[in-house]
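In: sequence-free structure coming up:
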């Protein structure tokens, strides 16, 4: 079972940028589709972005499309999420997740492995 550890969260002003990283323990990391989800206070966890095992296919929530970029480095067992043009509504705990499925990447239940989360706070 792959273990995931996120880092890179913090406090940033609106319009600023952050880069989140997720380190995976599994040697077969390159078999996994990787996703990022987020959960704001009082709200359900929601899909943010996903990337295929090869990095050749990416998916984004409409709310972050054009502002966030997901990428991965299979040689280093890491997946990253670049957050640009941040808005106060992006404030949430961001979670990295892994799945062996290549479809239904928008669905939480598709993911069997989760990190502990990293807090992103965007001030207005």
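Out: Received it, and whenever you're ready, just let me know what you need. Only a predicted model underlies this, so the values are computations on that prediction, with no experimental measurement involved.

In: in which helix or strand does the residue positioned nearest the centre of the chain reside?
Out: Closest to where the C-alpha atoms of the chain average out (Cα atoms, centre = their mean) is residue 36, at 2.3 Å. Taking DSSP states H and E as the criterion, residue 36 maps to strand 33-39.

In: kindly report the same for residue 94.
Out: strand 92-99.

In: average pLDDT for that strand?
Out: For strand 92-99, the mean pLDDT works out to 97.

In: got it, and stretch 4-13?
Out: Computed over stretch 4-13, the mean pLDDT rounds to 97.

In: and what of stretch 68-85?
Out: Rounded mean pLDDT across stretch 68-85 is 97.

In: what's the local residue count around residue 121?
Out: When counting by other Cβ atoms under 10 Å, one arrives at 15 neighbours for residue 121. The C-beta positions use only the backbone N, C-alpha and C, and glycine is treated the same way.

In: paired strands for the helix or strand where it lies, with orientation please.
Out: Counting by DSSP H and E, the secondary-structure element that holds residue 121 is strand 118-123. Sheet pairing of strand 118-123 (DSSP bridges) gives strand 10-13 (parallel), strand 92-99 (antiparallel).

In: redo the ones you listed as JSON lines? Include distance to residue 121.
Out: Below are the strands paired with strand 118-123 laid out as JSON lines (distance: least, Cβ to Cβ, whole Å):
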{"stretch": "strand 10-13", "distance to residue 121": "5"}
{"stretch": "strand 92-99", "distance to residue 121": "9"}
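
In: wait, which of the ones you listed is closest to residue 32?
Out: Nearest to residue 32 among the strands paired with strand 118-123 is strand 92-99; the distance by Cβ to Cβ comes to 4.3 Å.

In: so which elements touch the very next helix or strand once past the closest one?
Out: Of the helices and strands lying after strand 92-99 in sequence (DSSP H and E), the nearest is strand 113-114. Helices and strands touching strand 113-114, by 3 or more Cβ pairs under 8 Å, 6 or more residues apart in numbering; DSSP states H and E, are strand 92-99.

In: and the strand it packs on with strand 33-39, angle?
Out: Angle between the axes of strand 92-99 and strand 33-39 is 160 degrees (criterion: axes from the mean of the first three to the mean of the last three Cα atoms, to 10 degrees).
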